[in-house]
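> coordinates for the following, if possible.
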Amino acid sequence: MKTFKERVQNREYLCGTHISINDTCIAKIVGLLGFDYVWIDMEHSYLTYENLLNEIMVLQAMGTPVIVRAPQHDLTATKKIMEMGPDGIIFPMVRTKKEVEEVLSMTLYPPHGTRGFGPRNAVDYGLGDIDHYIHNNHKDMCRFIQIEHTNLIDELEEIVENPFLDGYIFGANDLSGSIGELTNTYGENTQKLIQKAISILNKHKKCIGLSTDDIAPEQLSFWHDLGIHMISAGSECGAMTGYFKQVRQTLKASHEQRK
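Numbers count the residues shown, from 1 in each chain. Okay, the predicted model is just below:
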């Protein structure tokens, strides 16, 4: 069976969803549904590190790969996430080649980077093969950056040369914001930037991803047809909000019919 990293590097179509609420039961439910991976968010959520570790362990115990979005350029957060042993880490809001190199360096041991030594869950608390982890971790774990600023696209031809970067994930809302058109993700200017980046990434045979709250079939088809290989869509928060909103509306409508 192929590893998650092999599937990313082969540019296979992968479907995932987002988790941002502290509840291991929700993590288990999502894990049971057969997603190719689950994205746990530490950038915009209120999860603690303990919450994160619990959800990683639940999902991985079920055989579901986990990728974690780190807070922007946060060395302490990055170290803690790495020591938990997720299948991938995502860095948001990077804008330049230099920033890409800095965040990747935090995830790599010398001589490739500046990561300090101290894994815990990542090596089963010393029960795993530590030497293998040190020398092969960069081969086993995925590293992603989000394309959320026009400046990054300007330097993308150089950035794709980095051998430790496995995938590039569009954050279309912030990308549109970087040109003063926040949330206009389908606007002409934003789409031109996205298509420019996709052209560069396809030329270099890189995995192309998208993170979106939208689950409308026609919009997901739009992104898939555009050439996105790895789509992270929806969230447990959105699912619950939508469901309970529908319940409330149905109850109110039923009451009104009986007046």
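> next, the contact list for residue 192, please.
With contacts defined as C-beta atoms under 8 Å, 6 or more residues apart in numbering, residue 192 has no neighbours. All C-beta spots, glycine's among them, are computed from the backbone N, C-alpha and C.
> now do it, the pLDDT please.
Listed pLDDT for residue 192 reads 98.
> chain center to the helix or strand containing it: distance?
Assigned by DSSP states H and E, residue 192 belongs to helix 188-203. Relative to its chain's centre, helix 188-203 lies at 19 Å (C-alpha atoms, centre = their mean, to the nearest Å).
> now the angle from the helix or strand following it to helix 188-203?
Counting by DSSP H and E, the next helix or strand C-terminal to helix 188-203 is strand 207-212. Here strand 207-212 points in a direction 150 degrees away from that of helix 188-203 (axes from the mean of the first three to the mean of the last three C-alpha atoms, to 10 degrees).
> what packs against strand 207-212?
Packing contacts for strand 207-212, counted by 3 or more C-beta pairs under 8 Å, 6 or more residues apart in numbering; DSSP states H and E, involve strand 167-170, helix 188-203, helix 217-226, strand 230-235.
> and stretch 73-90, what's buried?
Within stretch 73-90, the residues scored as buried using 16 or more other C-beta atoms under 10 Å are 74, 77-90.
> that should have said stretch 171-190, apologies.
171-178, 184-185, 190.
> could you identify the most distant pair in those residues?
Farthest apart among the buried residues of stretch 171-190 by C-beta to C-beta are 171 and 184. That separation is 13.7 Å.
> got any ranges where this structure has weak pLDDT?
259 (pLDDT under 70).
> now the helices for it?
Secondary structure of the chain (DSSP state H): helices at 4-9, 24-32, 49-61, 75-84, 97-105, 130-140, 150-154, 156-159, 172-177, 188-203, 217-226, 236-257.
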